[in-house]
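S.K.: the following comprises the amino acid sequence and a computationally predicted model.
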Amino acid sequence: MAFEQMRANVGKLLRGIDRYNPENLATLERYVETQARENAYDLEANLALGNLFATLLEITYQTIEHRLLAEMLGDPLDTQVKVWMNKYGWVENEEGQIFIYNQEESIKPKNIVEKIDFESVSSIMATSQ
């Protein structure tokens, strides 16, 4: 596929909600590889890929090994890991685990119990009639 056609297709992907669709990750990765081969640059697409990747990390991982994150970022020199850690507030512990996201803070407790007595319901019903 020619670079300009790929750029147009990716541009369409980035206009709507599909911008954050994980199923488009492979397409965006191929596009970045094509940019490298063609000596081209598309800031919007590259930022979209970075944001999608960060979102997927937050959804998938609470913590991740520093080495694995560097590998996933394609960063054997470790410079990008530090950039991402600063940008998203990720913290590394003594064991080399990077804290990404606390999923428990975003999940409502399973056992929420609301107690409604007859008195409170009858007064609500009386005022609504």
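M.R.: Received the coordinates, thanks. Small disclaimer: the values here were computed from a predicted structure and weren't measured. Numbers count the residues shown, from 1 in each chain.
S.K.: okay, now the unreliable bits of this structure?
M.R.: For the chain, the stretches flagged by pLDDT under 70 are 1, 76, 102-125, 127-129.
S.K.: which stretches of it form helices?
M.R.: Applying DSSP state H to the chain gives helices spanning 3-15, 25-38, 43-60, 66-72, 79-88, 103-106, 118-128.
S.K.: chain center to the fourth one, what's the gap?
M.R.: When you say that, I think you mean helix 66-72. Relative to its parent chain, helix 66-72 has a centroid offset of 16 Å by Cα atoms, centre = their mean, to the nearest Å.
S.K.: ok, back up a step: among the helices of the chain, which is nearest residue 95?
M.R.: Comparison of the helices of the chain against residue 95 by Cβ to Cβ identifies helix 66-72 as nearest, at 9.3 Å. C-beta: built from backbone N, CA, C; applies to glycine.
S.K.: which other helices and strands contact that closest one?
M.R.: Under the contact definition 3 or more Cβ pairs under 8 Å, 6 or more residues apart in numbering; DSSP states H and E, helix 66-72 sits against helix 79-88, strand 97-99.
S.K.: quick one: residues in contact with it.
M.R.: Applying Cβ atoms under 8 Å, 6 or more residues apart in numbering, the external contacts of helix 66-72 come out as 53, 57, 76, 78, 80, 81, 84, 92, 96, 97, 98.
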